[in-house]
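Participant: Sequence first, then the predicted structure, then my questions.
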Amino acid sequence: MDKRKNVITYFFGKIIPALCQLAILTFGVRLLGKAEFGKYILLFNAAMIISSLAAGWIQQSILRFFFSYRENRHAAIRKFYQLALLAALFSLVTGLITGTIYFQLNWISNLVFSGVTALMTLLFVELTIRQVQFKSLGYATMESSYYLFSLLIAFALIYFFSMNNSFAFFYGMFITLTVLLAGKLLFQLFFTASKSANTQEIVKKDFLIRMFGFGFPLTLWLLISGLFNYSDRYIIQHYTTLDQVGAYSAIYDFVYKVSAFLCMPVLLSYHPAISQSWEEKKFSECRRLIKKLIGFELFILVLLIMGYLLFSDWIFNVFILLREKNLLVTVIPLAVSSILWQSVLFIQKPLEMLFMQKKMLWCISLTLLLNILCNIWFIPIFGYPAAAYSTLMCTLVYCFAAYYFSANEFNKIIHA
């Protein structure tokens, strides 16, 4: 396993997704307007929250336990795909209910929305399986294909069929995901059955209990953290307008996506390595690696702040055409919080490995509550920039809490 090679592969593999997300953000605002783009963001965030709730526990279980199935990984992978189908069914039903009750979509739009929600659940699991097998090229190829073809189909619908609403992007995602995932799932679930039986790669009967017991608390954490990152848009919509939702979402998404583009290759490459070292009880090596990765991400933060100080006005007002004033007031706190949030994924790793998800859940729940209260209090007074400062303050609170508990657990293990 060459971690540096994987980092490079993931980095270049993230270029197409990053450019496609930038294109969605830019052309969403330019072609559809801030209000329609704001509507798209609310729908897309809802789909992401549902998909993360459904798939998160499976993803976390794969990352935690995959290396413990050394003799029967083939059977374990097949089990993970079966769990993914059940999770996708949950996403489909939840998406239909959300689309009907909250967004009040017509039946065609609701089917597309809920279909995308279910398919994204399958995509998350598929990408995680490739990640733990260190198939960085396969991961990058699938993710890039998803973003590129979804965008091309959406643009075709907008330019050639005059579909000037947010669902052009959802149709693109629905068609692309169906084509990418259908054949793969059929192969894994049916054509590998005989191979699994012949090699007697049978996982234990407590497989589901083990996966769910570990992964579901982390899924709750992912759900609450998703609400932490998305709930401000719904509060902005309640107190202001869809235009402000669109403007804030464009700034927020650009800043967070740039940070993810720079940091995710490191996380994707080193997360399995940290899990593997933990399984081998090399705890000092884990701590050294985590410190090194956090330092690297803080170095990225310095570069980002310098870049935003120089180019924020051009990026958002000239290129994206937001035409907003005092952009740095919103951009800088979001830039800091975005990198801190990437660092949290490493900081809290000991709590994940030691099954101390309850501490994580308490911390993120209190952080979410604090964030909601701050947004409800300050957004009506200061507008959407208040959401950026609330996000930064609450991210710092969670970082300090995660560091305190994780450092204590590391010290106990290493000095035991």
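Facilitator: Sure, I can see it.
Participant: residue ranges with poor pLDDT in the stretch 1-150 of the chain?
Facilitator: Where the stretch 1-150 of the chain drops to pLDDT under 70, the residues are 1-7, 68-71.
Participant: Now residue 40. Nearest residue, chain neighbours left out?
Facilitator: Using CB to CB, 6 or more residues apart in numbering and skipping residues adjacent in sequence, the residue nearest residue 40 is residue 166, 3.4 Å away. In this view, the C-beta of every residue, glycine as well, is placed from N, C-alpha and C.
Participant: next one: residue 264
Facilitator: Nearest one to residue 264, counting by CB to CB, 6+ apart, is residue 14 at 6.2 Å.
Participant: Phi, psi for that neighbour please.
Facilitator: Recorded main-chain torsions at residue 14 are phi -80, psi -10, according to degrees, to the nearest 10.
Participant: Give me the buried positions along the longest helix seen in the chain.
Facilitator: Ranked by residue count and defined by DSSP state H, the top helix of the chain is helix 242-279. Across helix 242-279, burial judged by 16 or more other CB atoms under 10 Å covers 242, 244-278.
Participant: Determine the number of other residues adjacent to residue 210.
Facilitator: Residue 210 is flanked by 16 other residues according to other CB atoms under 10 Å.
Participant: Kindly apply the preceding question to residue 104 instead.
Facilitator: Neighbour tally, residue 104, other CB under 10 Å: 9.
Participant: secondary structure element for it?
Facilitator: Using DSSP states H and E, residue 104 is not contained in any helix or strand.
Participant: what does the one 4 residues further on give?
Facilitator: If you go by DSSP H and E, residue 108 is part of helix 107-132.
Participant: That helix: what's the following helix or strand?
Facilitator: Downstream of helix 107-132 (by DSSP H and E), the next one is helix 136-160.
Participant: Buried residues in that next one, which are they?
Facilitator: The neighbour-count check on helix 136-160 (16+ other CB under 10 Å) flags 136, 138-140, 142-144, 146-151, 153-155, 157-158 as buried.
Participant: ok, the closest residue to residue 378 other than its chain neighbours to residue 78 distance?
Facilitator: Nearest residue to residue 378, sequence neighbours excluded (CB to CB, 6+ apart): residue 386, at 3.7 Å. Per CB to CB, to the nearest Å, residue 386 is found 49 Å from residue 78.
Participant: so which helix or strand takes in residue 23?
Facilitator: Per DSSP H and E: helix 15-27 holds residue 23.
Participant: tell me what that helix is packed against?
Facilitator: Packed against helix 15-27 by the contact rule (3 or more CB pairs under 8 Å, 6 or more residues apart in numbering; DSSP states H and E) you find helix 136-160, helix 242-279.
Participant: right, so of those helices, which gets closest to residue 325?
Facilitator: Taking CB to CB, helix 242-279 is the member of the helices and strands packed on helix 15-27 nearest to residue 325, at 10.7 Å.
Participant: tell me the average confidence for the closest one?
Facilitator: Helix 242-279 comes out with an average pLDDT of 81.
Participant: Stretch 178-187 now?
Facilitator: pLDDT averaged over stretch 178-187 gives 76.
Participant: Over to stretch 396-412?
Facilitator: The model assigns stretch 396-412 a mean pLDDT of 87.
Participant: okay, and for the stretch 301-416 of the chain, where does confidence drop off?
Facilitator: The model of the stretch 301-416 of the chain has pLDDT under 70 over residues 415-416.
Participant: can you give me the helices in it?
Facilitator: 328-347, 349-353, 357-382, 385-414 (DSSP state H, counting those that start in this stretch).
Participant: okay if I get these as TSV plus mean neighbour count and distance to residue 39?
Facilitator: Below are the helices of the stretch 301-416 of the chain laid out as TSV (neighbours: other CB atoms under 10 Å; distance: least, CB to CB, whole Å):
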stretch	mean neighbour count	distance to residue 39
helix 328-347	22	21
helix 349-353	22	35
helix 357-382	17	19
helix 385-414	18	18
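Participant: Dump these into JSON lines; add distance to residue 170 as well.
Facilitator: Formatted as JSON lines, the helices of the stretch 301-416 of the chain follow (distance: least, CB to CB, whole Å):
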{"stretch": "helix 328-347", "distance to residue 170": "25"}
{"stretch": "helix 349-353", "distance to residue 170": "33"}
{"stretch": "helix 357-382", "distance to residue 170": "27"}
{"stretch": "helix 385-414", "distance to residue 170": "25"}
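Participant: I'd like to know which of those helices is closest to residue 223.
Facilitator: helix 357-382 (9.4 Å).
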